[in-house]
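Asks: Fold the following and give me the result.
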Amino acid sequence: MDFPHPFLSQMIDPNAVVHPSASVDPTAAVASGAMVGHAATIGAHARIGSDAIIRPGASVREHGVVGRNVEIGERTIVGPGTEVRKDSRIRSDVVLGVRVVVENRVTVGPGTHVADGVTLGTRSSVWEAVTVGRDVTVGPRSMVAPAVRIDSGVAIGTKVVVEGAAHIGPCARIGSRARIGREARIGRGVIIRPDEQVPDKARRDAT
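Replies: Residues are numbered from 1 along each chain as shown. Predicted structure coming up:
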């Protein structure tokens, strides 16, 4: 991520741009080409990669890592120990909890809340106003549409599509390439097979 030397007391690269109103902890690192906006906050031991953009009012908490060419939107919170990897786009008013992993080229829409311990796979998309519970995995290239609720412990495979306003209950398993229809309800512990198509407004409960 092209960080400055780790033994510098204030690790802001001379080619980074930090707004005068921003707060950067002395132990944080801001790499070459990065931009930290008005009233943004960079916490202790956080790392901001090269060419990353931290928009006004955003906060990267202690030990957070923002990778190369990542954009963190206005008023978004990157929680303690959370890692947002290269080329990802996190839009405005998002909350990423503690120790979330956002892999490469992920998009997270405005107003989405991602709880602790979640992994969002490479090239996945989680759109606006989505709620993602603790310890959820969203597989690579999967798409979660607006206003979806995903409860804790859910595992979503690769190339899954979850349509708008669907609800996936705790500890459900969604196989790769499955489609969960709009406003569908998947109950606690339900297993959806790979390639299965759940119709709009359908309800699936454990038997």
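Asks: Tell me the pLDDT of G64.
Replies: For G64, the model assigns a pLDDT of 98.
Asks: again, but for A206
Replies: At A206, the pLDDT recorded in the model is 85.
Asks: Now do the same contact list for it.
Replies: Contacts of A206 were listed using Cβ atoms under 8 Å, 6 or more residues apart in numbering, and they are 187-190. From N, CA and C alone the C-beta is placed, and that goes for glycine too.
Asks: now A39
Replies: Applying Cβ under 8 Å, 6+ apart to A39 gives the contacts 19, 21-22, 56-57.
Asks: Equivalent analysis for P199, please.
Replies: Counting by Cβ under 8 Å, 6+ apart, P199 has contacts 181, 184.
Asks: what do you get for R85?
Replies: 67, 70, 101-104, 106.
Asks: Repeat that for P80.
Replies: 43, 61-64, 98-99.
Asks: same deal with A58?
Replies: Counting by Cβ under 8 Å, 6+ apart, A58 touches 37, 40-41, 72-78.
Asks: picking up where we left off before, need the contacts of P80 in CSV (columns: distance to E196).
Replies: Formatted as CSV, the contacts of P80 follow (distance: Cβ to Cβ, whole Å):
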residue, distance to E196
G43, 42
R61, 38
E62, 42
H63, 39
G64, 37
V98, 33
R99, 31
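Asks: out of those residues, who's nearest V130?
Replies: Set against V130, the nearest of the contacts of P80 by Cβ to Cβ is V98 (18.1 Å).
Asks: Give me the neighbour count for the closest one.
Replies: 16 (other Cβ atoms under 10 Å).
Asks: ok, now how distant is it from S176?
Replies: Distance of V98 to S176, given as Cβ to Cβ, to the nearest Å: 28 Å.
Asks: and if you look at V101?
Replies: Note on V101: its distance to S176, by Cβ to Cβ, is 19 Å.
Asks: How about the residue sitting nearest the centre point of the chain: what's its closest non-neighbour residue?
Replies: Nearest to the centroid of the C-alpha atoms of the chain, with distances taken as Cα atoms, centre = their mean, sits V102, at 4.9 Å. Counting by Cβ to Cβ, 6 or more residues apart in numbering, V84 is the residue found nearest to V102 once chain neighbours are left out, at 4.4 Å.
Asks: Save the contacts of A39 as CSV, and put in secondary structure, pLDDT and neighbour count too.
Replies: Converted to CSV, the contacts of A39 look like this (DSSP: H, G, I helix; E, B strand; the rest coil; pLDDT from 0 to 100; neighbours: other Cβ atoms under 10 Å):
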residue, secondary structure, pLDDT, neighbour count
H19, coil, 95, 15
S21, coil, 96, 12
A22, coil, 96, 20
P56, coil, 98, 16
G57, coil, 98, 19
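Asks: a markdown table for those, including distance to V126?
Replies: Listed next are the contacts of A39 as a markdown table, based on distance: Cβ to Cβ, whole Å:
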| residue | distance to V126 |
| --- | --- |
| H19 | 28 |
| S21 | 30 |
| A22 | 27 |
| P56 | 23 |
| G57 | 21 |
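Asks: Contacts only, for the residue nearest to the centre of the chain.
Replies: 82-85, 88, 90, 96, 108, 120.
Asks: With that, I have no additional questions.
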